[in-house]
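In: Could you work out the structure for the sequence below:
(one chain, ligands or ions: 1)
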Amino acid sequence: MVKEKTHVNVVVIGHVDSGKSTTTGHLIYKCGGIDQRKLEKFEKAAAQMGKSSFKFAWVLDKLKTERERGITIDISLLKFNTQKYTMTIIDAPGHRDFIKNMITGTSQADVGLLVVSAAKGEYEAGVSRSGQTREHALLAYTLGVKQIIVCVNKMDLTEPPYSKARFDEVVRGVGSFLKKIGYDCATVPFVPISGWTGENMITATQRMPWFQGWKSRQREGNASGRTLLEVLDSIQPPVRTANKPLRLPLQDVYKIGGVGTVPVGKIESGVLKAGMTLMFSPAKVTAEVKSIEMHHQGLQTALPGHNVGFNIKNVAVRNLRRGDVAGNAQHDPPADVSSFEAQVIILNHPGTVKAGYSPVLDCHTAHVTCRFAELKEKLDRRSGKQLEDHPQTLMSGDAATVRIVPIKPMCVESFFTYPSLGRFAARDLKQTVAVGVIKSVQKDQGGKLSHKAQVCK
Ligand SMILES: Nc1nc2c(ncn2[C@@H]2O[C@H](COP(=O)(O)OP(=O)(O)OP(=O)(O)O)[C@@H](O)[C@H]2O)c(=O)[nH]1
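Out: Predicted coordinates for the structure are as follows:
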């Protein structure tokens, strides 16, 4: 049997139009798991619509729609292979509500691919105050994306084309703000590419002989290479959390004829095994796992990163819902929280935020209105030092420690114990008003119902 490659989740970030879809589409197109027939069909359709100049981005969009239409959660189409890894694009590039997606995305990203356009004017716009390059990089860092690779894209559009001076300028500029954010720049590789013409994507180009690979400033063991594919192949393998207790936020719960109740979701930590007794929170239901499936194949054991459906005994569909978290009933089972303390950054609020403010929090797959019960301290965004004790108000740009109370039962965890259950976006007025990281949780000790009491209700 061929050994399965290590899975790596990649989040693609960068300013609008920097070439995220084109670059990702190119990788999937050249190294993806899509069969040739399908590709030819897409290509033909793109040409017929007069969109062949958008080929790569278009292929990606097409795949995304297919995925969105799919009934099962099958993200296999957004995959490509390097020699060592199977890479999954976890955030659909070009998605408008990127920030929310990044926080509530079905996976924790292992690697961030920061796409920066080197084209005249575009680089300047991307790194300007209103540009998204900095904001995305800051969020990636805050949310624990430890490895970042910078694609200096559109090298075919620099003046003159493929200009070393322009590449150096971008490396200096982006390098300096990545450093301010907290990344160790000696370990961040920069690759000059054209996602469109393919320079340095899969094979090394003759057009930039001055680039012999990203080696000079990096330490041993860090990503290196001449092409984007080589650099991706040389990243540090992600540390998986299989030895941690199980956390599996439910994406959906289905009733399948002849089978029964089938919750589906992605394992964020720990392992799921057939025969295991699960505790669901906040549903307060326990149930035994009868069988597990992934991509229509039966499994005895499923690991972190796996998207699974599993059949459970004696629980009705109406007792479980999206946002519930499954864990091992015998090993640190999940529990709902009465309150939690979080470090938040207000991104986007037209006025001021006061104690009592109640936006909707998107945390893992849950979606619950929560009250900012106490504004404990205002912080310096960069250093985390206290600026003010118990501030009266917060406004856009402020960072603060806040005690938050969910208005109905909710299961979250501290970011340090279970990262993907410990970060959230706060939504109000149809936009993301704040993002946050949970520092500590107050577990609800209140009366647990037994499974039987619950299902017989
Ligand atoms: N010449 C040239 N054009 C490129 C390159 N990469 C992308 N483009 C073009 O730039 C435009 C934007 O590319 P996209 O891939 O859609 O950019 P994006 O970052 O995904 O855009 P959003 O999803 O809207 O944020 C398209 O017209 C692409 O054809 C490149 O390397 N060279």
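
In: any idea where the helices of the stretch 301-450 of the chain begin and end?
Out: Here the stretch 301-450 of the chain has no helices by DSSP state H, counting those that start in this stretch.

In: Show residues contacting the longest helix along the chain.
Out: Longest helix of the chain, by residue count under DSSP state H: helix 164-181. Residues from elsewhere that reach helix 164-181 (CB atoms under 8 Å, 6 or more residues apart in numbering): 114, 116, 118, 123, 127, 133-134, 137-138, 141, 148, 150, 152, 155, 158-159, 185, 188, 190, 192, 208, 210-211, 382. Every C-beta, even on glycine, is put in place using the N, C-alpha and C of the backbone.

In: what's the offset of that helix from the middle of its chain?
Out: Chain-centre distance of helix 164-181: 24 Å, with CA atoms, centre = their mean, to the nearest Å.

In: Can that helix be said to contact the ligand?
Out: No - applying CB under 6 Å from any ligand atom, one finds helix 164-181 out of contact with the ligand, separated by at least 13.1 Å.

In: Also stretch 6-18?
Out: Yes - judged by CB under 6 Å from any ligand atom, stretch 6-18 and the ligand are in contact via 14, 16-18.

In: With just CA atoms, put that stretch into CSV.
Out: Output of stretch 6-18 as CSV, limited to C-alpha atoms (Å, rounded to 0.1, in the frame of the first residue of the first chain):
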residue,chain,number,x,y,z
THR,A,6,1.1,14.1,5.5
HIS,A,7,-1.8,16.5,5.2
VAL,A,8,-1.1,20.2,5.4
ASN,A,9,-3.8,22.9,5.5
VAL,A,10,-2.9,26.0,3.6
VAL,A,11,-4.7,29.4,4.0
VAL,A,12,-4.2,31.8,1.1
ILE,A,13,-4.1,35.4,2.1
GLY,A,14,-3.4,38.8,0.6
HIS,A,15,-4.8,42.0,-0.8
VAL,A,16,-7.7,41.9,-3.3
ASP,A,17,-6.6,41.0,-6.8
SER,A,18,-3.1,40.1,-5.7
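
In: buried set for that stretch?
Out: 7-15, 17-18 (16 or more other CB atoms under 10 Å).

In: What is the nearest of those residues to residue 309?
Out: For the buried residues of stretch 6-18, the minimum distance to residue 309 (CB to CB) is 18.1 Å, reached by residue 7.

In: coming back round to it: taking the residues of stretch 6-18 next to the ligand one by one, which sit in strands?
Out: Mapping those onto strands (DSSP state E) picks out residue 14.

In: would you list the residues of stretch 6-18 next to the ligand in TSV and tack on pLDDT?
Out: TSV is the format used below for the residues of stretch 6-18 next to the ligand (pLDDT from 0 to 100):
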residue	pLDDT
14	86
16	82
17	85
18	90
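
In: which two in the residues of stretch 6-18 next to the ligand are spaced the farthest apart?
Out: Among the residues of stretch 6-18 next to the ligand, the pair separated by the greatest distance (CB to CB) is 14 and 17, at 9.0 Å.

In: Show me whatever sits in contact with both of the two.
Out: Joint contacts of residue 14 and residue 17 (CB under 8 Å, 6+ apart) are residue 117.

In: State the number of residues packed around the residue in the stretch 301-450 of the chain that the ligand sits nearest to.
Out: Residue nearest to the ligand within the stretch 301-450 of the chain (CB to the nearest ligand atom): residue 432, separated by 16.4 Å. Residue 432: 21 surrounding residues under other CB atoms under 10 Å.

In: What of the one 5 residues further on?
Out: Taking other CB under 10 Å as the neighbour definition, residue 437 ends up with a count of 19.

In: Not counting sequence-adjacent ones, nearest residue to residue 301?
Out: residue 273 (5.1 Å; CB to CB, 6 or more residues apart in numbering).

In: Show the contacting residues for that neighbour.
Out: 289, 292, 300-302.

In: burial of residue 326, as a residue count?
Out: If we define neighbours as other CB under 10 Å, then residue 326 has 30 of them.

In: circling back to that earlier point, can I get the contacts of residue 273 in CSV with pLDDT and distance to the ligand?
Out: As requested, these are exported to CSV (pLDDT from 0 to 100; distance: CB to the nearest ligand atom, whole Å):
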residue, pLDDT, distance to the ligand
289, 97, 39
292, 94, 35
300, 94, 40
301, 94, 37
302, 93, 32
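
In: Buried ones among those?
Out: Buried subset of the contacts of residue 273 (neighbour count, 16+ other CB under 10 Å): 289, 292, 302.

In: Which of these fall in strands?
Out: Among those, DSSP E puts 289, 292, 302 in strands.

In: before we move on, the earlier item: and which of the buried ones among the contacts of residue 273 is nearest residue 29?
Out: residue 302 (29.7 Å).

In: is it true that the closest one touches residue 292?
Out: Yes - using CB atoms under 8 Å, residue 302 makes contact with residue 292 at a distance of 5.3 Å.

In: Next, show the common contact partners of these two.
Out: 272-273, 308, 310.

In: now residue 81: how far from residue 30?
Out: 10 Å (CB to CB, to the nearest Å).

In: pretty sure residue 41 belongs to a helix, no?
Out: Yes - according to DSSP: H, G, I helix; E, B strand; the rest coil, residue 41 belongs to a helix.

In: Could you give the backbone dihedrals for the nearest residue to residue 198 once chain neighbours are set aside?
Out: What sits nearest to residue 198 in space, not counting adjacent residues and going by CB to CB, 6+ apart, is residue 26, at 6.6 Å. The phi and psi values for residue 26, taken as degrees, to the nearest 10, are phi -60, psi -50.

In: How about the one 4 residues further on?
Out: Summarising the backbone geometry of residue 30 under the convention degrees, to the nearest 10, its torsions are phi -90, psi -30.
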